[in-house]
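Student: fold the following.
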Amino acid sequence: MNFLFAIKHFFCAGYYKGHRVHSPNIYNFFEKAIFSKKQFDYSAAENANNALKKSKQKIQSLSIGAKGTGKITEKKVSDIAKKSSSCGRYGRLLQRISAFLQPSTIVELGTSLGIGTIYLASGCESAKIITVEGCSETLKIAKQNFIKFNKQNIETINANFNDVLEPILKQNTNTSLIFVDGNHTYDDTISYFSTICKYANDNLVVIFDDINWSKGMTKAWRKIQNTSQVVVSVETARMGIIFFNKALTKKNYCTRY
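Tutor: I've put the predicted structure just below:
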């Protein structure tokens, strides 16, 4: 974690539960997605994650990105699940955002064991979800979970993100939600963002995970949120969310969550 970012975020964060947010659309996003009081059914993703935490299975995990591309190590599925970035309160946030936006197509970069994917799918059962994972072994387990929890609207792709992101967006011009959760380096993150910008429309919302994971990720997030094509950005301690809708008033929001 980039602790300087975290400390700065703590002191700068405001707009808790939408207070002082003057844009009606963004206020609704705060009230109905980030800080929603509505009761949601998170059981599919959380039951899946709890089962994985008890798994005794070991897999040959392929590392891609900041921790060393191409490195294969034996890992316990339970250890991967325990370190999953998409479980708990931030996984629930993914589901609420999906439920609020009701996107027609969702693209996820970084399936891992599929917990975040299930949260997204549970938020909008009618959405087409395309999820990409570089490690075939973790993707196999994710696909088993999708079947087990009856998530039939998920298409999986085993590939490097840079190889498939542009073709996916070119073929799915109605994509309205993208979740970027993998390859946490400055160069890769900016590369994904640059590709996304080519196909951005007013309905598109993009979530970047682990924006305070390292100095490089903090730098990438600052560059992204200050790009002219991005109209609104919402920053939590861990996730950065951007809106391309030109009808909105340009502003960066930093909030405690």
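Student: any stretches of the stretch 51-200 of the chain with poor pLDDT?
Tutor: Residue ranges of the stretch 51-200 of the chain with pLDDT under 70: 65-70, 85.
Student: all strands of it, in order?
Tutor: 58-63, 71-76, 105-109, 128-133, 154-158, 175-180 (DSSP state E, counting those that start in this stretch).
Student: how many neighbours does residue 212 have?
Tutor: By other Cβ atoms under 10 Å, 22 other residues sit near residue 212. Every C-beta, even on glycine, is put in place using the N, C-alpha and C of the backbone.
Student: circling back to that earlier point, export the strands of the stretch 51-200 of the chain to a markdown table and tack on distance to residue 97?
Tutor: Formatted as a markdown table, the strands of the stretch 51-200 of the chain follow (distance: least, Cβ to Cβ, whole Å):
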| stretch | distance to residue 97 |
| --- | --- |
| strand 58-63 | 28 |
| strand 71-76 | 29 |
| strand 105-109 | 10 |
| strand 128-133 | 13 |
| strand 154-158 | 17 |
| strand 175-180 | 7 |
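Student: in TSV: these, plus mean neighbour count and distance to residue 218.
Tutor: Below are those laid out as TSV (neighbours: other Cβ atoms under 10 Å; distance: least, Cβ to Cβ, whole Å):
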stretch	mean neighbour count	distance to residue 218
strand 58-63	16	22
strand 71-76	12	25
strand 105-109	25	19
strand 128-133	23	24
strand 154-158	18	29
strand 175-180	24	15
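Student: distance of residue 248 relative to residue 231?
Tutor: From residue 248 across to residue 231, the span is 5 Å (Cβ to Cβ, to the nearest Å).
Student: for residue 223, same thing?
Tutor: On the measure of Cβ to Cβ, residue 223 and residue 231 end up 16 Å apart.
Student: how about residue 141?
Tutor: Distance from residue 141 to residue 231, counting by Cβ to Cβ: 38 Å.
Student: and these two? which has more neighbours close in?
Tutor: In terms of neighbours (other Cβ under 10 Å), residue 141 is the more surrounded of residue 141 and residue 231; the figures are 22 against 16.
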